[in-house]
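>>> need the 3D shape of this:
(one chain, ligands or ions: 2)
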Amino acid sequence: MAIAIQQLHPGFVGEVSGIDLRQPLTKDEVVQLQSAIDRYAVLVFHDQDITDEQQLAFALNFGEREKARGGTVTKKEDYRLTTGLNDVSNLGKDGKPLPVDHRTHLFNLGNCLWHSDSSFPPIPAKYSILSARIINPKGGNTEFADMRAAYDALDEETKAEIENLICEHSLMYSRGSLGFLDYSEEEKRMFKPVLQRLVRTHPAHGRKSLYLSSHAGAVRGMSVPEGRLLLRDLTEHATQPQFVYVHRWRLHDLVMWDNRQTMHRVRRYDQAQPRDMRRATVAGTEPTVAQEAAE
Ligand code: OGA
Ligand code: MN
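Ligands and ions are numbered 1, 2, ... in the order given. As a prediction, the model looks like this:
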(Lines give C-alpha, C1' and ligand atoms only; values in the text may rest on other atoms or scores of the structure.)
(Ligands and ions follow the chains in the order given, each with its own letter.)
Protein backbone atom coordinates (compact mmCIF):
# COMPACT_ATOMS: atom_id res chain seq x y z
CA MET A 1 0.00 0.00 0.00
CA ALA A 2 1.20 3.47 -0.80
CA ILE A 3 0.20 6.51 1.22
CA ALA A 4 -1.91 9.07 -0.67
CA ILE A 5 -3.06 12.42 0.68
CA GLN A 6 -5.93 14.60 -0.42
CA GLN A 7 -6.24 18.12 0.95
CA LEU A 8 -9.69 18.77 2.47
CA HIS A 9 -9.50 22.54 3.08
CA PRO A 10 -7.80 25.21 0.94
CA GLY A 11 -5.22 25.93 3.66
CA PHE A 12 -4.69 22.73 5.65
CA VAL A 13 -6.01 19.22 6.57
CA GLY A 14 -4.90 16.11 4.69
CA GLU A 15 -7.07 13.01 4.25
CA VAL A 16 -4.70 10.07 4.28
CA SER A 17 -5.36 6.74 2.58
CA GLY A 18 -3.26 3.67 1.90
CA ILE A 19 -2.19 2.92 5.46
CA ASP A 20 -3.34 0.56 8.21
CA LEU A 21 -2.57 2.17 11.56
CA ARG A 22 -3.06 -1.11 13.44
CA GLN A 23 0.20 -2.40 11.97
CA PRO A 24 3.67 -1.19 12.94
CA LEU A 25 4.70 1.55 10.51
CA THR A 26 7.77 1.35 8.30
CA LYS A 27 10.44 4.04 8.67
CA ASP A 28 9.40 5.47 5.35
CA GLU A 29 5.74 5.70 6.42
CA VAL A 30 6.74 7.55 9.59
CA VAL A 31 8.80 10.02 7.54
CA GLN A 32 5.90 10.60 5.14
CA LEU A 33 3.35 11.12 7.92
CA GLN A 34 5.74 13.38 9.83
CA SER A 35 6.15 15.65 6.84
CA ALA A 36 2.38 15.50 6.19
CA ILE A 37 1.45 16.59 9.73
CA ASP A 38 3.98 19.44 9.55
CA ARG A 39 2.43 20.64 6.32
CA TYR A 40 -1.29 19.89 6.73
CA ALA A 41 -1.45 20.35 10.56
CA VAL A 42 -4.45 17.96 10.68
CA LEU A 43 -4.53 14.44 9.23
CA VAL A 44 -7.74 12.44 8.78
CA PHE A 45 -7.68 8.64 8.51
CA HIS A 46 -10.83 6.61 7.87
CA ASP A 47 -11.72 3.01 8.74
CA GLN A 48 -9.13 2.53 11.48
CA ASP A 49 -10.75 0.01 13.83
CA ILE A 50 -7.92 0.26 16.32
CA THR A 51 -7.35 -0.92 19.93
CA ASP A 52 -6.06 1.39 22.66
CA GLU A 53 -2.69 -0.38 22.54
CA GLN A 54 -2.40 0.02 18.75
CA GLN A 55 -3.40 3.68 19.00
CA LEU A 56 -0.72 4.31 21.61
CA ALA A 57 1.88 2.43 19.56
CA PHE A 58 0.99 4.61 16.54
CA ALA A 59 1.41 7.76 18.66
CA LEU A 60 4.85 6.69 19.88
CA ASN A 61 6.20 6.95 16.31
CA PHE A 62 6.05 10.73 16.75
CA GLY A 63 7.41 11.26 20.26
CA GLU A 64 6.74 10.31 23.86
CA ARG A 65 3.37 9.86 25.45
CA GLU A 66 2.35 12.94 27.38
CA LYS A 67 2.05 12.30 31.08
CA ALA A 68 1.15 15.87 31.98
CA ARG A 69 0.09 16.81 35.46
CA GLY A 70 -3.67 16.85 35.93
CA GLY A 71 -5.71 17.65 32.89
CA THR A 72 -8.83 16.49 34.70
CA VAL A 73 -10.81 16.62 37.93
CA THR A 74 -11.43 12.87 37.73
CA LYS A 75 -9.61 10.82 40.37
CA LYS A 76 -7.38 8.02 39.08
CA GLU A 77 -9.57 5.35 40.69
CA ASP A 78 -12.55 6.65 38.70
CA TYR A 79 -10.84 6.44 35.29
CA ARG A 80 -12.77 4.45 32.69
CA LEU A 81 -9.63 3.93 30.59
CA THR A 82 -6.51 2.50 32.18
CA THR A 83 -4.57 2.06 28.94
CA GLY A 84 -2.78 5.42 28.94
CA LEU A 85 -5.24 7.11 26.56
CA ASN A 86 -7.11 10.30 27.50
CA ASP A 87 -10.82 9.67 27.89
CA VAL A 88 -12.67 12.30 25.86
CA SER A 89 -15.99 10.43 25.96
CA ASN A 90 -19.11 11.38 27.90
CA LEU A 91 -19.04 7.98 29.64
CA GLY A 92 -18.52 6.85 33.20
CA LYS A 93 -16.76 3.76 34.46
CA ASP A 94 -19.98 1.76 33.89
CA GLY A 95 -19.87 2.63 30.17
CA LYS A 96 -23.02 4.78 30.41
CA PRO A 97 -23.33 8.53 29.75
CA LEU A 98 -22.41 10.46 32.90
CA PRO A 99 -25.27 12.16 34.76
CA VAL A 100 -25.68 15.71 33.43
CA ASP A 101 -24.72 17.20 36.79
CA HIS A 102 -21.62 14.98 37.23
CA ARG A 103 -18.49 17.02 37.95
CA THR A 104 -16.41 15.16 35.34
CA HIS A 105 -19.10 15.80 32.74
CA LEU A 106 -19.30 19.52 33.58
CA PHE A 107 -15.53 19.81 33.43
CA ASN A 108 -15.31 17.99 30.10
CA LEU A 109 -17.79 20.41 28.53
CA GLY A 110 -14.80 22.76 28.34
CA ASN A 111 -13.81 20.85 25.17
CA CYS A 112 -16.60 22.77 23.44
CA LEU A 113 -14.47 25.92 23.72
CA TRP A 114 -11.73 26.62 21.17
CA HIS A 115 -8.48 25.31 22.62
CA SER A 116 -5.10 23.77 22.05
CA ASP A 117 -4.57 20.58 24.05
CA SER A 118 -2.46 20.74 27.18
CA SER A 119 -1.43 24.36 26.87
CA PHE A 120 -1.68 24.40 30.69
CA PRO A 121 1.55 22.57 31.62
CA PRO A 122 4.87 24.40 31.05
CA ILE A 123 5.74 22.05 28.17
CA PRO A 124 2.60 21.95 26.06
CA ALA A 125 1.43 18.96 24.00
CA LYS A 126 2.64 18.36 20.47
CA TYR A 127 0.18 16.01 18.75
CA SER A 128 -3.25 14.67 19.64
CA ILE A 129 -4.54 11.48 18.04
CA LEU A 130 -8.27 10.99 18.47
CA SER A 131 -10.14 7.80 17.64
CA ALA A 132 -13.92 7.57 17.24
CA ARG A 133 -15.20 4.40 18.91
CA ILE A 134 -18.87 5.37 19.29
CA ILE A 135 -20.41 8.18 17.26
CA ASN A 136 -23.10 10.35 18.81
CA PRO A 137 -26.31 10.58 16.74
CA LYS A 138 -26.67 14.34 17.10
CA GLY A 139 -23.91 16.94 16.86
CA GLY A 140 -20.37 16.29 18.06
CA ASN A 141 -18.52 17.56 15.00
CA THR A 142 -14.99 18.64 15.78
CA GLU A 143 -13.77 21.90 14.26
CA PHE A 144 -10.15 22.82 13.61
CA ALA A 145 -8.68 26.29 13.02
CA ASP A 146 -5.42 26.90 11.15
CA MET A 147 -3.46 29.21 13.42
CA ARG A 148 -0.71 29.80 10.84
CA ALA A 149 -3.16 31.20 8.29
CA ALA A 150 -4.82 33.20 11.08
CA TYR A 151 -1.47 34.71 12.04
CA ASP A 152 -0.54 35.48 8.43
CA ALA A 153 -3.83 37.36 7.94
CA LEU A 154 -3.19 39.80 10.81
CA ASP A 155 -2.18 43.34 9.90
CA GLU A 156 1.43 44.35 10.48
CA GLU A 157 0.60 46.60 13.40
CA THR A 158 -1.11 43.78 15.29
CA LYS A 159 1.73 41.38 14.48
CA ALA A 160 4.21 43.84 15.97
CA GLU A 161 2.02 44.45 19.02
CA ILE A 162 1.67 40.78 19.93
CA GLU A 163 5.08 39.42 18.83
CA ASN A 164 6.56 39.11 22.31
CA LEU A 165 3.45 38.83 24.46
CA ILE A 166 3.26 36.12 27.10
CA CYS A 167 -0.02 34.61 28.30
CA GLU A 168 -1.03 32.73 31.42
CA HIS A 169 -2.80 29.43 30.76
CA SER A 170 -4.79 27.36 33.24
CA LEU A 171 -7.70 24.93 33.10
CA MET A 172 -9.32 27.19 35.69
CA TYR A 173 -9.61 29.93 33.04
CA SER A 174 -11.29 27.78 30.38
CA ARG A 175 -13.62 26.05 32.85
CA GLY A 176 -14.17 29.29 34.74
CA SER A 177 -15.44 30.99 31.60
CA LEU A 178 -18.27 28.41 31.58
CA GLY A 179 -19.06 29.04 35.24
CA PHE A 180 -17.18 26.04 36.62
CA LEU A 181 -15.56 27.82 39.53
CA ASP A 182 -15.27 25.43 42.49
CA TYR A 183 -11.89 23.80 42.98
CA SER A 184 -10.31 22.03 45.92
CA GLU A 185 -7.00 23.36 47.25
CA GLU A 186 -5.26 20.41 45.59
CA GLU A 187 -6.88 21.23 42.23
CA LYS A 188 -5.90 24.88 42.56
CA ARG A 189 -2.29 23.80 43.02
CA MET A 190 -2.53 21.39 40.10
CA PHE A 191 -4.11 24.02 37.82
CA LYS A 192 -1.66 26.80 38.72
CA PRO A 193 -1.23 29.03 35.63
CA VAL A 194 1.79 28.55 33.37
CA LEU A 195 3.30 30.90 30.77
CA GLN A 196 3.08 30.52 27.00
CA ARG A 197 4.11 32.80 24.17
CA LEU A 198 1.22 34.21 22.15
CA VAL A 199 3.15 33.84 18.88
CA ARG A 200 5.16 30.70 18.29
CA THR A 201 7.32 29.55 15.42
CA HIS A 202 6.99 26.01 14.11
CA PRO A 203 10.30 24.14 14.34
CA ALA A 204 9.81 22.20 11.08
CA HIS A 205 8.84 24.93 8.59
CA GLY A 206 9.38 28.19 10.49
CA ARG A 207 5.87 29.57 9.99
CA LYS A 208 4.46 31.59 12.87
CA SER A 209 1.19 30.69 14.59
CA LEU A 210 -1.13 32.38 17.02
CA TYR A 211 -0.87 30.25 20.13
CA LEU A 212 -4.35 30.76 21.53
CA SER A 213 -6.48 28.53 23.72
CA SER A 214 -9.49 28.96 25.99
CA HIS A 215 -7.02 28.09 28.75
CA ALA A 216 -5.38 31.50 28.23
CA GLY A 217 -6.82 33.92 30.78
CA ALA A 218 -4.32 36.73 31.20
CA VAL A 219 -1.61 38.55 29.26
CA ARG A 220 1.54 39.62 31.08
CA GLY A 221 1.84 43.40 31.43
CA MET A 222 -1.88 44.01 30.79
CA SER A 223 -4.83 44.27 33.14
CA VAL A 224 -6.93 41.09 33.16
CA PRO A 225 -9.88 42.65 31.25
CA GLU A 226 -7.61 44.26 28.65
CA GLY A 227 -5.70 41.00 28.15
CA ARG A 228 -8.87 38.96 27.86
CA LEU A 229 -10.35 41.34 25.33
CA LEU A 230 -7.23 41.03 23.20
CA LEU A 231 -7.42 37.22 23.43
CA ARG A 232 -11.11 37.28 22.53
CA ASP A 233 -10.51 39.52 19.53
CA LEU A 234 -7.68 37.29 18.29
CA THR A 235 -9.75 34.15 18.83
CA GLU A 236 -12.67 35.66 16.93
CA HIS A 237 -10.30 36.52 14.10
CA ALA A 238 -8.62 33.08 14.07
CA THR A 239 -11.86 31.10 14.00
CA GLN A 240 -13.49 32.79 11.01
CA PRO A 241 -14.88 30.25 8.54
CA GLN A 242 -12.01 30.63 6.06
CA PHE A 243 -9.58 29.27 8.65
CA VAL A 244 -11.81 26.43 9.89
CA TYR A 245 -12.29 22.81 8.84
CA VAL A 246 -15.32 20.95 10.22
CA HIS A 247 -14.83 17.24 10.79
CA ARG A 248 -18.01 15.14 10.66
CA TRP A 249 -17.08 11.90 12.36
CA ARG A 250 -17.58 8.45 10.90
CA LEU A 251 -17.16 5.38 13.08
CA HIS A 252 -13.45 4.42 13.31
CA ASP A 253 -12.13 7.70 12.00
CA LEU A 254 -8.82 8.67 13.51
CA VAL A 255 -7.75 12.31 13.41
CA MET A 256 -4.27 13.52 14.28
CA TRP A 257 -3.52 17.22 14.82
CA ASP A 258 -0.60 19.43 15.69
CA ASN A 259 -1.47 21.53 18.75
CA ARG A 260 1.37 23.93 17.95
CA GLN A 261 -0.37 25.23 14.83
CA THR A 262 -4.09 24.56 15.29
CA MET A 263 -6.96 25.03 17.75
CA HIS A 264 -10.02 22.82 17.94
CA ARG A 265 -13.37 22.44 19.66
CA VAL A 266 -16.15 19.87 19.72
CA ARG A 267 -19.70 21.06 19.09
CA ARG A 268 -22.52 20.25 21.48
CA TYR A 269 -24.07 16.80 21.15
CA ASP A 270 -26.79 14.63 22.71
CA GLN A 271 -25.52 13.94 26.21
CA ALA A 272 -28.15 11.26 26.79
CA GLN A 273 -26.45 9.14 24.09
CA PRO A 274 -22.91 7.75 24.24
CA ARG A 275 -19.98 9.34 22.41
CA ASP A 276 -16.77 7.37 22.89
CA MET A 277 -13.66 9.24 21.78
CA ARG A 278 -10.19 8.25 22.93
CA ARG A 279 -7.07 10.33 22.59
CA ALA A 280 -3.38 9.51 22.57
CA THR A 281 -1.35 12.61 23.29
CA VAL A 282 2.24 13.08 22.15
CA ALA A 283 4.30 15.24 24.51
CA GLY A 284 5.97 18.44 23.45
CA THR A 285 9.71 18.73 23.86
CA GLU A 286 10.25 22.28 25.11
CA PRO A 287 8.43 25.17 26.77
CA THR A 288 7.45 28.19 24.64
CA VAL A 289 8.95 30.48 27.29
CA ALA A 290 11.48 29.87 30.05
CA GLN A 291 9.82 29.34 33.43
CA GLU A 292 10.16 27.31 36.54
CA ALA A 293 9.08 23.74 35.95
CA ALA A 294 5.93 22.76 37.80
CA GLU A 295 6.48 20.71 40.88
C1 OGA B 1 -9.60 16.39 22.50
C2 OGA B 1 -10.83 17.12 22.18
C3 OGA B 1 -12.77 16.91 20.82
C4 OGA B 1 -13.76 15.86 20.52
O5 OGA B 1 -9.58 15.15 22.35
O6 OGA B 1 -8.62 17.01 22.87
O7 OGA B 1 -10.90 18.29 22.40
O8 OGA B 1 -14.28 15.87 19.41
N9 OGA B 1 -11.76 16.39 21.60
O10 OGA B 1 -14.05 15.05 21.40
MN1 MN C 1 -8.90 19.01 22.96
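
>>> which residues touch the helix or strand where R39 lies?
In the assignment (DSSP states H and E), R39 maps to helix 27-40. Residues from elsewhere that reach helix 27-40, judged by CB atoms under 8 Å, 6 or more residues apart in numbering: 3, 5, 7, 12-14, 16, 19, 25, 43, 61-62, 127, 202, 204-205, 256-258. Yep, even glycine has a C-beta here, placed from its N, CA and C like the rest.

>>> again, 7 Å this time
3, 5, 7, 12-14, 16, 19, 43, 61-62, 127, 204-205, 256, 258 (CB atoms under 7 Å, 6 or more residues apart in numbering).

>>> for the spatially most central residue of the chain, give me its contacts.
For the chain, the residue nearest the mean C-alpha position is D117 (3.2 Å; CA atoms, centre = their mean). D117 is in contact with A125, S128, N259, T281, counting by CB under 7 Å, 6+ apart.

>>> need the buried ones from these selected in ChimeraX.
Here is the ChimeraX command that selects only those of the contacts of D117 that count as buried (16 or more other CB atoms under 10 Å):
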select :125,128,259,281
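
>>> tell me the two of the contacts of D117 that are most distant?
Greatest spatial distance in those: N259 and T281, 8.7 Å, computed using CB to CB.

>>> hey, what's in contact with both of the two?
Contacts common to N259 and T281, judged by CB under 7 Å, 6+ apart, are D117, A125, S128.

>>> so which of those belong to strands?
S128 (DSSP state E).

>>> the shared contacts of N259 and T281 also near ligand 1: which ones?
With CB under 6 Å from any ligand atom as the criterion, these include D117, S128 near ligand 1.

>>> could I get the shared contacts of N259 and T281 in a markdown table, plus columns for pLDDT and distance to M277?
Listed next are the shared contacts of N259 and T281 as a markdown table, based on pLDDT from 0 to 100; distance: CB to CB, whole Å:
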| residue | pLDDT | distance to M277 |
| --- | --- | --- |
| D117 | 97 | 13 |
| A125 | 97 | 16 |
| S128 | 98 | 11 |
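
>>> give me the pLDDT for the closest residue to D253 other than its chain neighbours.
Spatial nearest neighbour of D253, excluding adjacent residues (CB to CB, 6 or more residues apart in numbering): A132 at 4.8 Å. pLDDT for A132: 98.

>>> so what's A132 bridging to?
On the basis of DSSP bridges, A132 is bridged to M277.

>>> show me which residues of stretch 93-113 are buried.
P97, L98, T104, H105, L106, F107, N108, L109, G110, N111, L113.

>>> which of the contacts of helix 27-40 are buried? Put it as a ChimeraX command.
With 16+ other CB under 10 Å as the criterion, this ChimeraX line picks the buried residues out of the contacts of helix 27-40:
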select :5,12,13,14,16,19,43,62,127,256,258
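
>>> restricted to strands, list the contacts of helix 27-40.
Reading strands off the contacts of helix 27-40 with DSSP E, I get I5, Q7, G14, V16, L43, Y127, M256, D258.
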